[in-house]
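Colleague: Any chance you could fold what I've pasted below:
(one chain, ligands or ions: 1)
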Amino acid sequence: MEKIVVVGGGIGGTVVANRLANDIGSMIDDGEVEVTLVNDTPHNVYKPKYLYIPFGLSHTDETKRPLTEILNHRIGLEVDPAVDMDTDAKTLELESGKTLDYDYLVMATGAKLVPSETPGLVEAHEDDTAHWFYNPEGAEALRDALQDFEEGHLVLSVIGSPHICPVAPIEFPLIADAWFRERGIRDDIEITYTYPIQRSHGLLSVTRWMDPIFEDRGIDTEYPFNVEEVDPESQTLEAMEGELDFDLAVTIPPHAAGADDLIENAGIGDEGGWVDVDHNTLECTRADGVYSIGDNANHGTSKAGSPAHYQAGVVAKRLASQIRGEPPTEMYHGKTFCYIEAGLDEATYAHFNYDPETKEKQLPKESQLIHWGKTAFNETFSLITRGLI
Ligand SMILES: Cc1cc2nc3c(=O)[nH]c(=O)nc-3n(C[C@H](O)[C@H](O)[C@H](O)COP(=O)(O)OP(=O)(O)OC[C@H]3O[C@@H](n4cnc5c(N)ncnc54)[C@H](O)[C@@H]3O)c2cc1C
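Modeller: Next up is the predicted model:
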C-alpha cells in the first residue's frame, strides 16, 4: 500500500486531499492507497474573512468549519500537530508521539504571525494602540478599538515582508475610509498607508490602480518605509527612513512559515525558513517524495489562497499520476487571482502568473458587480475546500 500524508488542513491541504479522494478514490477503496490529513486543530479556517471582522461585517465563527464536515470520507484525519519529520526514513512525528510513514508527503502548513520580531509591537498591542487583523484575536481586538476611534491618525503599516495576501493591506484603508465616511467622522480622521519598497505596492498593476484612488480619497502614502521598531509610549513607528506618529496603528506583522521548527529541523527550508520548491512541479528541492504548496512554500508567486488552491489541484494530479505509475506531467505556472475591495461596495481584481507582463496588466475599473463576486466567493468557500471548484 502507498501512503500519502498531507500536513495542514487549510485551503491547500484540504483541496489536495479531497481532489485525491476523487481522482484515485477507487484505489483508496481497494486498499491500494491511504491518504491521511494531519492538522493541529479540528477546524479548517478561511482567513480572507478576517478582513471584515474589524468592521463588524463578519465574525470569527463564520471563518471556520469542522474538518470532518469538509473532508471526503476516504481521507483519514489526525488532529495532532506535526512536530518533526525524517525525510530519509520518510516518517512524520506528531505531538502525541505517533509516527506516520509516508511514500509522498505534502507540506501545507501555511504561515503564522510573529509580531514579537518587531520590538515594541507586542507592547503597543497590549496598550491597545497597535493592532492587526491577520488572525481572529487580532481582528476582534481591532474591531473593539475601532468602535471608540472617532478622531486622530490611523496608520496602516506593512511591517512584515513577505506576508500573506498581497492586497489585504490596501483593502483595509479603503474599507476604513468608506466606513468612517458612513459614520460622518472621516474629516476627523487622517489615514496613512506605509509600504517598505520604492512604490506603493509590489505589483505594478496594483500600484497604478491604487495611487490615484488613494489620492482621491485622501489616504496619504509613505514609501519606502521600513519599520524597525514601535515605541508604545510615544506611539511612534520608527523606520529606517524616519518616524510616524499614530493614534491607532493597524499593522501587517512579520510572518514565518507554519511548522517553521519542523521545516528547519528537516532541512527543507530556504534561508527565510520557507520550504524550497521547484516553482513548476512544486516538488521540494531538498527531499524526495515531498511537495509543498501554499503559504509555507517558496513558490515564486504571492502568498495567497488562490495559488494554494491552484497548486493543490496541480499536486493532486501529479500524485495521482505517480500512484498510477505514470509520469507526472501537470505543472504550475504561477496562476494567481486576487479580488481587491475598493471600499464597502465596490471591488476590482488582479490576475497574473509567472510571466512578468501579466503583473503590469491594467486592472478593471472597480465596480459593485466585482464586489458581489468577491462576496459570493467568500460565502461559498467550503465548495473550494471540498475540492469541488
Ligand atoms: C485578512 C486576510 C485576507 C485574505 N484575503 C485573501 C483573498 O481575498 N484572496 C486570497 O486568495 N487569499 C487571501 N488571504 C490569504 C489566504 O488566506 C492564505 O494565503 C491561505 O489561507 C493559504 O492557504 P494554505 O493552505 O497555504 O494555509 P492555511 O490556510 O493557513 O492553512 C494552514 C493549515 O496548517 C495547519 N498547521 C500549521 N502548523 C501545523 C502543524 N505543525 N501541524 C499540523 N497542522 C499545522 C494550520 O492550522 C492550518 O489549518 C487572506 C489572508 C488574510 C489574513
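
Colleague: and stretch 297-312, how far out from the chain's middle?
Modeller: Computed by Cα atoms, centre = their mean, to the nearest Å, the chain-centroid distance of stretch 297-312 equals 9 Å.

Colleague: That one vs the ligand: in contact?
Modeller: Yes - with Cβ under 6 Å from any ligand atom as the criterion, the ligand is reached by stretch 297-312 at 303-306, 308. Every C-beta, even on glycine, is put in place using the N, C-alpha and C of the backbone.

Colleague: possible to save these as CSV with secondary structure?
Modeller: Formatted as CSV, these follow (DSSP: H, G, I helix; E, B strand; the rest coil):
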residue, secondary structure
K303, strand
A304, coil
G305, helix
S306, helix
A308, helix
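
Colleague: of those, buried ones?
Modeller: Those of these that meet the buried threshold are 303-306, 308, by 16 or more other Cβ atoms under 10 Å.

Colleague: Max pairwise distance over those residues: which two?
Modeller: By the measure Cβ to Cβ, K303 and S306 form the most distant pair in these, at 10.5 Å.

Colleague: quick one: whichever residue of the stretch 251-389 of the chain sits closest to the ligand and G12, what's the gap?
Modeller: Closest residue of the stretch 251-389 of the chain to the ligand, Cβ to the nearest ligand atom: G294 (2.1 Å). G294 sits 3 Å away from G12, going by Cβ to Cβ, to the nearest Å.

Colleague: List the residues that are in contact with both of those two.
Modeller: Common neighbours of G294 and G12, using Cβ atoms under 8 Å, 6 or more residues apart in numbering, are 108, 110, 308, 311-312.

Colleague: now the residues you listed as TSV including secondary structure and pLDDT?
Modeller: As requested, the shared contacts of G294 and G12 are exported to TSV (DSSP: H, G, I helix; E, B strand; the rest coil; pLDDT from 0 to 100):
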residue	secondary structure	pLDDT
A108	coil	98
G110	coil	98
A308	helix	97
Q311	helix	98
A312	helix	97
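
Colleague: dump the residue contacts of the closest residue to A111 other than its chain neighbours.
Modeller: Nearest-residue entry for A111: D295, 3.9 Å, with adjacent residues in sequence omitted and distances by Cβ to Cβ, 6 or more residues apart in numbering. D295 makes contact with 12, 110-111, 164, 257-258, 303, 308, according to Cβ under 8 Å, 6+ apart.

Colleague: among these, who's most crowded?
Modeller: Neighbour tally across those (other Cβ atoms under 10 Å): the maximum, 32 neighbours, falls on G12.

Colleague: and stretch 217-230, what's its mean pLDDT?
Modeller: Across stretch 217-230, the average pLDDT comes to 98.

Colleague: no, scratch that, I was asking about stretch 345-364
Modeller: Mean predicted confidence for stretch 345-364 is 96.

Colleague: buried ones in that stretch?
Modeller: In stretch 345-364, counting by 16+ other Cβ under 10 Å, buried: 346-348, 350-354, 358-359, 363.

Colleague: quick one: A316 and G13, what's the gap?
Modeller: As judged by Cβ to Cβ, A316 and G13 stand 11 Å apart.

Colleague: With G110 instead?
Modeller: Distance of G110 to G13, computed by Cβ to Cβ: 8 Å.

Colleague: Which residues are in contact with each of those two?
Modeller: Both G110 and G13 are contacted by G294, under the criterion Cβ under 8 Å, 6+ apart.

Colleague: what's stretch 169-176 in contact with?
Modeller: Residues external to stretch 169-176 that are found in contact with it (Cβ under 8 Å, 6+ apart): 51, 54-55, 133, 146, 154, 156, 158, 163, 191, 193, 195, 200-201, 206, 210, 213-214, 217, 219, 250, 252, 340-344.

Colleague: How about the helix or strand bottoming out on mean pLDDT in the chain and the ligand, touching?
Modeller: One helix or strand of the chain scores below all others by mean pLDDT, DSSP states H and E: helix 381-385, with a mean of 80. No - shown here: helix 381-385 not in contact with the ligand (Cβ under 6 Å from any ligand atom), separated by at least 9.1 Å.

Colleague: Could you tell me how many residues sit around the residue nearest to H201 when sequence neighbours are not counted?
Modeller: Nearest non-adjacent residue to H201, counting by Cβ to Cβ, 6+ apart: T207, 4.6 Å away. Neighbours of T207 under the rule other Cβ under 10 Å: 17.

Colleague: next helix or strand past the host helix or strand of T207?
Modeller: For T207, the host element (DSSP states H and E) is helix 204-216. Where DSSP H and E defines the elements, the next helix or strand beyond helix 204-216 is strand 219-222.

Colleague: next helix or strand past that next one?
Modeller: Per DSSP H and E, strand 219-222 leads on to strand 227-231 as the next helix or strand towards the C-terminus.

Colleague: got a list of what M85 touches?
Modeller: The neighbours of M85, taking Cβ under 8 Å, 6+ apart as the test, are 91-93, 105, 262, 265-266, 268.

Colleague: got a markdown table for these, with secondary structure and neighbour count too?
Modeller: Listed next are these as a markdown table, based on DSSP: H, G, I helix; E, B strand; the rest coil; neighbours: other Cβ atoms under 10 Å:
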| residue | secondary structure | neighbour count |
| --- | --- | --- |
| T91 | strand | 15 |
| L92 | strand | 25 |
| E93 | strand | 16 |
| L105 | strand | 30 |
| L262 | helix | 22 |
| N265 | helix | 14 |
| A266 | helix | 22 |
| I268 | coil | 23 |
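
Colleague: quick revisit: how about the least confident helix or strand of the chain: buried residues?
Modeller: Applying a neighbour-count criterion of 16+ other Cβ under 10 Å, the buried positions in helix 381-385 are 381, 384-385.

Colleague: Dig out what H153 forms beta bridges with.
Modeller: For H153, the beta-bridge partners are E190 (DSSP bridges).

Colleague: how many neighbours does it have?
Modeller: Other residues near H153 come to 16 when the count uses other Cβ under 10 Å.

Colleague: One more: the one 10 residues further on?
Modeller: Look at H163: counted by other Cβ under 10 Å, it has 20 neighbours.

Colleague: isn't it right up against A304?
Modeller: No - at 10.3 Å, H163 does not count as touching A304 under the criterion of Cβ atoms under 8 Å.
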